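coordinates only, sequence not included:
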């Protein structure tokens with residue numbers, strides 16, 4: 001997922017067998033308890049699932065819409081949600097069949113049938129919005145509906161991770177009578193069949209009530225949620241929490257704010273809840289850039305980067321050093337960058353890297369940043385990295401920060417040599433940390449291609465239904481990337497939210513699936 005700003009292992013064999021419902025089925029969806037008010041620094045960029053591909057939008061999708069499958073709390077293996085059962089019907093993982101539950105309805109009372117499922121996927125792919133999730137489904141050839149309860153997906157290449165993809169926000173099912181097949185919905189409304197309905201959506205606030213027509217696995221613990229949007233203003237978010245204007249602050253408090261709250265006494269009435277996270281951040285190198293395109297420069301940066309200092313000084317312990325493309329907690333994780341470049345900075349090795357490439361004199365370099373999209377401390381982080389490089393005497397590095405829209409356009413135009421990218425996974429599988437970065441048409445726009453990765457390793461791992469059996473292939477992929485250095489992993493986030501002491505259930509909202517479950521929240 002294109003990160004707006006800032007586990008349990010994968011269970012082997014998730015895609016090979018039949019997925020049938022095994023959780024609590026919600027029969028009475030009226031909700032109980034009190035409404036909850038949550039503050040968030042992210043924006044919600046879209047209410048239409050064919051467009052949104054950012055954490056704020058997916059938070060809305062995961063609560064307003066249903067997918068055929070979903071990730072239960074604490075789990076990394078999808079289970080049926082709108083579907084009664086799903087399975088691959090062939091040994092090549094290219095035909096996936098789902099049978100819908102009986103009696104599904106949208107929040108407006110319309111019945112949900114296989115026609116709506118097919119419409120939702122066909123529409124997303126046809127619109128193919130630049131800011132949407134269609135990029136996740138190059139393998140989807142066609143969707144068939146033999147009857148009103150049966151959906152059959154035909155894939156043009158084997159993909160054992162397809163169940164995880166449709167369990168994400170990208171699999172949101174919309175009402176075919178309420179959405180245009182050829183264009184995005186622009187009115188800010190949303191009609192889904194999830195646990196909540198969207199009552200109103202404005203610049204600073206979204207209001208959700210319990211969807212009484214919902215039929216699924218969520219057991220709603222509140223009577224509604226009001227989501228207040230702070231547009232990156234972390235100070236205002238912290239003040240709203242301490243002034244009891246919001247019950248929860250999620251995504252956006254600075255590292256110093258979290259540290260201050262953790263050290264405060266109980267009289268503050270708030271507490272920090274920590275959960276697992278697979279959110280990552282990388283430095284990205286433009287392989288066609290005259291400076292960053294030189295391997296010696298990239299290797300020198302890798303030998304000078306002090307991740308521990310960044311975590312201590314900039315992030316105050318709210319992240320962990322990352323030495324892998326695949327984060328800890330996800331099957332396939334290794335320490336390829338640690339094994340290749342070590343953890344301690346080495347000026348001698350960096351100098352040797354430059355000399356081996358025939359580079360003499362200080363390397364002049366600009367590190368490009370954007371001020372809030374990848375976290376409120378991103379600019380400070382890049383400045384700290386530049387200082388580390390300059391302290392070696394081998395670099396003359398500076399930092400430039402630009403607004404996100406301009407940042408994305410300049411990256412697409414190849415104007416930057418070194419820039420930062422964050423990633424919140426769409427689904428908790430190594431495939432989602434590799435194929436989007438190194439596959440064909442990758443999201444990094446850094447002109448990197450490796451035929452072994454694109455022609456062999458990515459197709460092989462995608463086709464393997466036993467996800468635990470992909471570790472060797474992912475190890476080879478990460479070794480190639482560590483040697484060629486199109487990206488340099490920096491950190492893996494810890495996931496935090498801060499809550500008033502009368503709010504419960506937040507620990508069930510913070511896990512590697514990245515699904516924030518409104519229905520788990522209660523207020524006593």
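Yep, it's here. Bear in mind the structure is a predicted one, so any value in this text is a computation, not a measurement.

now the end-to-end length of stretch 352-362.
Length of stretch 352-362, first residue to last, C-alpha to C-alpha, to the nearest Å: 13 Å.

one more: stretch 215-226?
Separation of the first and last residues of stretch 215-226 by C-alpha to C-alpha is 22 Å.

run the chain-centre distance for that stretch.
With C-alpha atoms, centre = their mean, to the nearest Å as the basis, the distance from the averaged C-alpha position of stretch 215-226 to the chain average is 23 Å.

and residue 407, what does it touch?
Residue 407 is in contact with 368, 370, 373, 419, counting by C-beta atoms under 8 Å, 6 or more residues apart in numbering. Just so you know, the C-beta spots here come from the backbone N, C-alpha and C atoms, and that holds for glycine as well.

one more: residue 491?
For residue 491, the residues meeting the contact criterion (C-beta under 8 Å, 6+ apart) are 280, 281, 307, 310, 311, 315, 319, 320, 321, 322.

out of these, who's nearest residue 354?
For the contacts of residue 491, the residue nearest residue 354 by C-beta to C-beta is residue 307; the value is 20.9 Å.

what's the separation between that closest one and residue 120?
Distance from residue 307 to residue 120, counting by C-beta to C-beta, to the nearest Å: 41 Å.

you'd agree residue 193 is up against residue 105?
Yes - in this structure, residue 193 is within contact of residue 105 by C-beta atoms under 8 Å, at 6.4 Å.

what do the two both touch?
In contact with both residue 193 and residue 105: 112, 213, 215, using C-beta under 8 Å, 6+ apart.

mind listing what the second one touches?
The contact partners of residue 213, taken as C-beta under 8 Å, 6+ apart, are 29, 105, 106, 107, 109, 193.

and stretch 214-223, how far apart are its ends?
Looking at stretch 214-223, the gap from its leading to its trailing residue is 14 Å under the measure C-alpha to C-alpha.

repeat that for stretch 224-233.
Across its full length, stretch 224-233 reaches 25 Å between end residues, using C-alpha to C-alpha.

again with stretch 216-234
Distance between the two ends of stretch 216-234: 35 Å, counting by C-alpha to C-alpha.

average pLDDT across it?
Mean pLDDT, taken over the full extent of stretch 216-234, equals 94.

can you check stretch 415-429 too?
Per-residue pLDDT values over stretch 415-429 give a mean of 94.

in that stretch, what counts as buried?
When neighbours are counted by 16 or more other C-beta atoms under 10 Å, the buried residues of stretch 415-429 are found to be 416-429.

thinking again about what came up before, so which of the contacts of residue 407 is the closest to residue 172?
Comparing these against residue 172 with C-beta to C-beta places residue 373 closest, at 23.0 Å.

can you pull the contacts of the nearest residue to that closest one once chain neighbours are set aside?
What sits nearest to residue 373 in space, not counting adjacent residues and going by C-beta to C-beta, 6 or more residues apart in numbering, is residue 404, at 4.6 Å. With contacts defined as C-beta under 8 Å, 6+ apart, the neighbours of residue 404 are 370, 372, 373.

which PyMOL command selects the buried ones in the contacts of residue 213?
Below is the selection syntax for PyMOL that covers the buried ones among those, with 16+ other C-beta under 10 Å defining burial:
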select buried, resi 29+105+106+107+193
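
quick one on the thing from earlier: nearest to residue 435, of the buried residues of stretch 415-429?
For these, the closest approach to residue 435 (C-beta to C-beta) belongs to residue 429, at 9.7 Å.

distance of that closest one from residue 468?
With distances taken as C-beta to C-beta, residue 429 is found 11 Å from residue 468.

cool, and residue 435?
From residue 435 across to residue 468, the span is 18 Å (C-beta to C-beta).

phi and psi next, for the residue nearest the centre of the chain.
Most central in the chain under C-alpha atoms, centre = their mean is residue 424, positioned 2.3 Å from the mean C-alpha point. Taking degrees, to the nearest 10, you get phi -110, psi 120 for the backbone angles of residue 424.

with the one 3 residues further on instead?
With angles defined as degrees, to the nearest 10, residue 427 shows backbone torsions of phi -160, psi 150.

give me the nearest residue to it, chain neighbours excluded.
Nearest residue to residue 427, sequence neighbours excluded (C-beta to C-beta, 6+ apart): residue 164, at 3.8 Å.

quickly find the element holding that neighbour.
In this structure, residue 164 is located in helix 162-166 according to DSSP states H and E.

and what of residue 483?
Assessed by DSSP H and E, residue 483 sits inside helix 471-484.

tell me the buried residues in that helix?
Buried residues in helix 471-484, defined by neighbour count with 16+ other C-beta under 10 Å: 471, 473, 474, 475, 476, 477, 478, 480, 481, 482, 484.
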